[in-house]
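Undergrad: I'd like to go over a predicted model; first the sequence, then the structure.
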Amino acid sequence: MKRILIDMDEVMADVYEKLIDCYTEEFAYRPLPEAYQGKKIYDLPNAHHIRNRLHEVGFFSDVAVMENCRMVIERLQENYEVFVVTATQEFRNSLADKHTWLETNFPSISWRNYVMCGDKSVVTGDYMIDDKVSNLKKFNGTGLLFTSPHNVYDEGYTRVNNWLEVAAFFEQA
Ligand SMILES: [Mg+2]
């Protein structure tokens, strides 16, 4: 079986939504999508400290699952070896939270297929689905760029805008 590596944040888990909630709580208004195209929520003016929330115990435990993600991954597992590859080492509390989140929301993926690492370049496979060009650049196989507000201006990779487009890509692959 060919191997697909799947990123968590902004691919399986909607961390933007959670950070927008943090921002809204603090500034008492919800930023419009135009304001954060090409950037992270904590790159908005005066919002850098919101990034500290990522260090909190529990931050990653209740992030929303991306639409159609579970269904498409379960379907991919019929024909591919699926590994979740996520960087957890900068935010040490995220490791336990992400483990629980995966176990709860993706029962079809064994803990043996969780790769919680620092630098994704140590992991090899045939396909990588990630929202960060820097991860795809170091990958040995085919990279798919999963659209997220921060990467809308990035180029050079096959782009998938949502999980139905991921399904369509692998139907052709
Ligand atoms: Mg990500």
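TA: Nice, I can see it.
Undergrad: alpha carbons only for contacts and neighbour counts from here, please
TA: Noted.
Undergrad: Could I get the contacting residues of the closest residue to the ion within the chain?
TA: Going by Cα to the ion, the ion is nearest to Asp9 of the chain, at 3.9 Å. Contact analysis of Asp9 by Cα atoms under 8 Å, 6 or more residues apart in numbering lists 15, 86.
Undergrad: List phi and psi for it.
TA: With angles defined as degrees, to the nearest 10, Asp9 sits at phi -70, psi 130.
Undergrad: what are the bridge partners for it, then?
TA: Ala13 (DSSP bridges).
Undergrad: what's the pLDDT at it?
TA: Turning to Asp9, the model gives it a pLDDT of 98.
Undergrad: Make 135 the starting number, not 1.
TA: With the count now opening at 135, the last piece we talked about shows up as Asp143.
Undergrad: biggest strand in the chain, by residue count?
TA: In the chain, taking DSSP state E as the definition, the longest strand is strand 214-221.
Undergrad: Following element in sequence after that strand, please.
TA: helix 226-239 (DSSP states H and E).
Undergrad: and that following helix, is it in reach of the ion?
TA: No: on the criterion Cα under 5 Å from the ion, helix 226-239 is out of touch with the ion, staying 12.7 Å away.
Undergrad: Show me how far that helix is from its chain's centre.
TA: Counting by Cα atoms, centre = their mean, to the nearest Å, helix 226-239 is centred 13 Å from the centre of its parent chain.
Undergrad: Any buried residues in that helix, and which?
TA: For helix 226-239, burial by neighbour count (16 or more other Cα atoms under 10 Å) applies to 227-229, 231-232, 235-236.
Undergrad: Repeat that for stretch 204-212.
TA: 204, 206-208, 210-211.
Undergrad: now do stretch 261-278
TA: Quick answer for stretch 261-278 (16+ other Cα under 10 Å): 261-267, 269-270, 273, 275-278.
Undergrad: what's Ser282 sitting at in phi/psi?
TA: Dihedral angles for Ser282 - degrees, to the nearest 10 - are phi -140, psi 150.
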